[in-house]
Every structure is written in structure tokens, then in C-alpha cells.
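[1] Here is my input, please return the structure:
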Amino acid sequence: MRTAVVILNFNTRAYLEQFLPGLIASCEGLDAGVVVADNASTDDSVAFMKSRFPDIPIIELNRNYGFTGGYNRALQQVEADYFVLINSDIEVPVDWLQPLMEWMDSHPECGACGPKLLSWHHRDTFEYAGAAGGLIDRYGYPFCRGRILQKVEKDHGQYDAPADVLWCSGACLLVRSRVWKALGGLDERFFCHMEEIDLCWRMQLRGWKVTLVPASHVYHIGGGTLSNESPFKLRLNFRNNLLLLENNLPSTIYAQMADQVGHDRHARLDRASRRRARVRILARICLDGLSALVYLCKGQWSFASAVVQAHREYRQLRRPGELIPDARRPEGLYKGWIVPIGLFGKKS
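    As a prediction, this is how the structure comes out:
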């Protein structure tokens, strides 16, 4: 098939029953097909798939490899020009896929694209996970067009023009397969959460664009696997934020400096960009410490402990990010700090 729409399932049999028929129907008439990869679910997901959807290919993994390892292993077994990573808790309208495929066909410089992500519960409102395309601030806090921190906008058509962004949500992301393979897929240290931001950021550093295509939209429930109140999810987010910066910030700063002074001063730029990246990451670690103090003051002991554990795991997992000598400056980098805007509605 030309486009493989791949669900990575883990114990979401109810969502498969609810949303898979519509997803299959939406691929009819297109050179596209659905594949379900199962991350060693302990419910009856696989038995249900074999009974209810016997014609849909199933890739059965031998354990739960997380979002990153699961997709890496599943997509090694899929041949297609385009991969669509899509969550099981997404409802699609019948015409959601074609605009994404057409965009990639007509924009060969684009490595990945995504639809507008709307809330399944409040269908005129953007969904937290990706809204209308993602950005990131100078300290590594991701946010979206249509969502800053917990504040989410209604969709009034304000983001209905295609836009290059830093990232599109992995809840529904179309990736050019040759770019996926060239980058080695997802970074498995992340396990889950923010891995798609890392993938899209790495794409852009190598010259590929990431675009929000608003002619397509889908409806996302969100929190289908991990609740937003989960300390484990919080730990992953804090840990992976630091891994994200470690991976991409040195090359990003290098590209920004090279635009000003030229690439011929490679050795000096290398040292300077790594030094500036370390300072920025240290600032983020201090901000995380303040977050832990806030959780303690609120009596949220498990959340404060999750931040401490996240930093411990980051130190264990970290490795120097690759410095790309011909790195391109990514789109979607916000020069300020987004948290004061999200909290108080004024610029930092």
C-alpha cells in the first residue's frame, strides 16, 4: 500500500471497537490501508481483532515497548511511502486522510504533516495534545497554536491556513517513510511522550519541513493510555523534556549562530553552541526544581517525587546530542518563556 495507517494498541480494545470501523472506511478508495500493532496487551484486543476484523493485518509484539519501541518495531514490518501514526482513541471523518497525502505529494520538502486535532468531547474546541500544530519556548516547554498550558481555544477557523510548525502530535502524524528510516525512527529512550517532538525537531535540523494541514481534522479523546493525573506520566514528561533538549538544542543553537557568522567557523561554533545549550538545560533543571517545590507546597508528594525521579533518570539516560554541521534553523521556536503567558496572560 502507498499509505499505511498504523495503530499502536495497548489495552484499548474498547476504542478499537468504537473507532476502527470508521478508520477503515475512510481508507476506502485511497491507496491506503490500516495495520494494528499490539504492544503485548493483557486485555482481549488481539482476540477481538482476529474475530471482528480478520482482514486487518496485526503485528503482535512480545512485550510492551512503549510508543517509541512499539512503532519502531512495527514499522520495520510495513512497506509504504507514507506512515501514519494514529492513536486508537481518535475518531476520523471520512475525508481526513486525502488532504494529508496530497500535501505530501505536492510538497517533497515536507518530512511530516498532521491534521488539526480537535476534542472528541467538545468538538468545536482544540484538543490539548496537538491542537493546530506545536511550538516550543526557549526553555523547552512545548505548547500549541490553540493551546498554552491548560488553556485551550475554540476553533473559529483562526488556524485554517497551512503552517510550518516545530511539531505535529504523534496522536495523528503522517511521516514520509524514507525520512523515518533515515532518522532511525523514534528515540527509544523516551518510551512515550514528547518522542514525536524529538522526531520532528530532528527532521527540521536536517532540512525537512513539518506542516500543519488544516484541510484535515480528527477528533481525539486523549488520555486513553495514561491519565493526566498519573505521576508516571508526569515523570516521563519532565525526563523527556530534558532528553529532547539534549538531543536537539546544541545543533539548533549552532544553526542560529551560523546564520549570523557563517559555517566556516565550525570549531568555535561547536564549542559555543554546546556551552549555550548546557546553560539553557541547566536553567530548565532549575525551573523543574521550582515546579517540584510547588507540588510540595500543594501537598502533591507523588508529583514532587516524580520530578526528582525524572531528573535521576535523565542523568542515567543522557548522552551528548549529535552536532549537525549543516543544521538548518527549525521553525516554531519561541524566543521567550511561555509559562508566564499561560498563567497570567502577559508576555515574559
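[2] got the contact list for residue 18?
    residue 91 (C-beta atoms under 8 Å, 6 or more residues apart in numbering). Any C-beta I mention is one placed from the backbone N, CA and C, and that applies to glycine too.
[3] In a helix, it, correct?
    Yes: assessed with DSSP: H, G, I helix; E, B strand; the rest coil, residue 18 lies in a helix.
[4] any idea of the pLDDT on it?
    Residue 18 is assigned 98 on the pLDDT scale.
[5] do residue 226 as well
    61.
[6] 305 is where my numbering starts, stick with that
    Okay, residue one is now 305; in that scheme the one you just asked about reads as residue 530.
[7] burial measure for the residue nearest to residue 370 when sequence neighbours are not counted, as a count.
    Setting aside the residues directly before and after it, residue 370 is nearest to residue 495 in space (C-beta to C-beta, 6 or more residues apart in numbering), at 3.8 Å. Residues within reach of residue 495, counting by other C-beta atoms under 10 Å, total 18.
[8] is it true that residue 495 touches residue 543?
    No: counting by C-beta atoms under 8 Å, residue 495 stays clear of residue 543, with 9.0 Å between them.
[9] Send me the one helix or strand residue 483 maps to as PDB with only the CA atoms.
    Under the criterion of DSSP states H and E, residue 483 resides in helix 481-487. What follows is helix 481-487, C-alpha atoms only, in PDB (Å, rounded to 0.1, in the frame of the first residue of the first chain):
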ATOM      1  CA  SER A 481       8.800   6.600   5.300                       C
ATOM      2  CA  ARG A 482      12.200   7.300   3.800                       C
ATOM      3  CA  VAL A 483      12.700  10.200   6.300                       C
ATOM      4  CA  TRP A 484      11.600   8.000   9.200                       C
ATOM      5  CA  LYS A 485      14.100   5.300   8.200                       C
ATOM      6  CA  ALA A 486      17.000   7.800   7.600                       C
ATOM      7  CA  LEU A 487      16.400   9.200  11.100                       C
END
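[10] Summarise which helices and strands that helix is packed against.
    strand 386-390, helix 499-509 (3 or more C-beta pairs under 8 Å, 6 or more residues apart in numbering; DSSP states H and E).
[11] how about the helices in the stretch 305-454 of the chain?
    317-330, 349-356, 370-379, 401-410 (DSSP state H, counting those that start in this stretch).
[12] winner for burial among those helices?
    helix 370-379 (a mean of 23; mean count of other C-beta atoms under 10 Å).
[13] Can you tell me what sits against that helix?
    Contact with helix 370-379 is made by 308, 310, 312, 314, 339, 341, 343, 363, 365, 368-369, 387, 389, 474, 481, 484, 489-497, 499, as judged by C-beta under 8 Å, 6+ apart.
[14] Looking at those, which are in strands?
    Of these, the ones assigned to strands by DSSP state E are 308, 310, 312, 339, 341, 363, 387, 389.
[15] Turn the residues you listed into TSV, including distance to residue 420.
    Output for those, formatted as TSV (distance: C-beta to C-beta, whole Å):
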residue	distance to residue 420
308	22
310	21
312	22
339	24
341	25
363	29
387	20
389	16
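[16] Weed out the non-buried ones from these.
    308, 310, 312, 339, 341, 363, 387, 389 (16 or more other C-beta atoms under 10 Å).
[17] quick one: which of these is nearest residue 648?
    Nearest to residue 648 among these, counting by C-beta to C-beta, is residue 389 at 35.0 Å.
[18] In space, what's closest to that closest one - neighbours in sequence excluded?
    What sits nearest to residue 389 in space, not counting adjacent residues and going by C-beta to C-beta, 6+ apart, is residue 477, at 4.8 Å.
[19] on that earlier part again, between the ones in strands among the contacts of helix 370-379, which is closest to residue 608?
    Nearest to residue 608, judged by C-beta to C-beta, of these is residue 312 at 31.0 Å.
[20] Contacts only, for the closest one.
    Counting by C-beta under 8 Å, 6+ apart, residue 312 touches 341, 343, 371, 374, 375, 378, 389, 391, 392.
[21] What residues are bridge-paired with it?
    On the basis of DSSP bridges, residue 312 is bridged to residue 341.
[22] now it: how far from residue 369?
    Residue 312 sits 9 Å away from residue 369, going by C-beta to C-beta, to the nearest Å.
[23] who touches both of those two?
    Contact criterion C-beta under 8 Å, 6+ apart; residues shared by residue 312 and residue 369: residue 343.
[24] hmm, back to that, in a markdown table, list the ones in strands among the contacts of helix 370-379 along with distance to residue 526 and pLDDT.
    Output for the ones in strands among the contacts of helix 370-379, formatted as a markdown table (distance: C-beta to C-beta, whole Å; pLDDT from 0 to 100):
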| residue | distance to residue 526 | pLDDT |
| --- | --- | --- |
| 308 | 24 | 98 |
| 310 | 19 | 98 |
| 312 | 16 | 98 |
| 339 | 23 | 98 |
| 341 | 20 | 98 |
| 363 | 24 | 98 |
| 387 | 22 | 98 |
| 389 | 15 | 98 |
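[25] Go through those and say which is closest to residue 415.
    The closest of the ones in strands among the contacts of helix 370-379 to residue 415 turns out to be residue 387 (C-beta to C-beta; 11.4 Å).
[26] mind listing what that closest one touches?
    Taking C-beta under 8 Å, 6+ apart, one finds 307, 308, 310, 379, 478, 479, 481, 484 in contact with residue 387.
[27] The residue nearest to residue 389 reaches residue 394, doesn't it?
    No: checked against C-beta under 8 Å, the pair residue 477 and residue 394 is beyond contact range at 11.2 Å.
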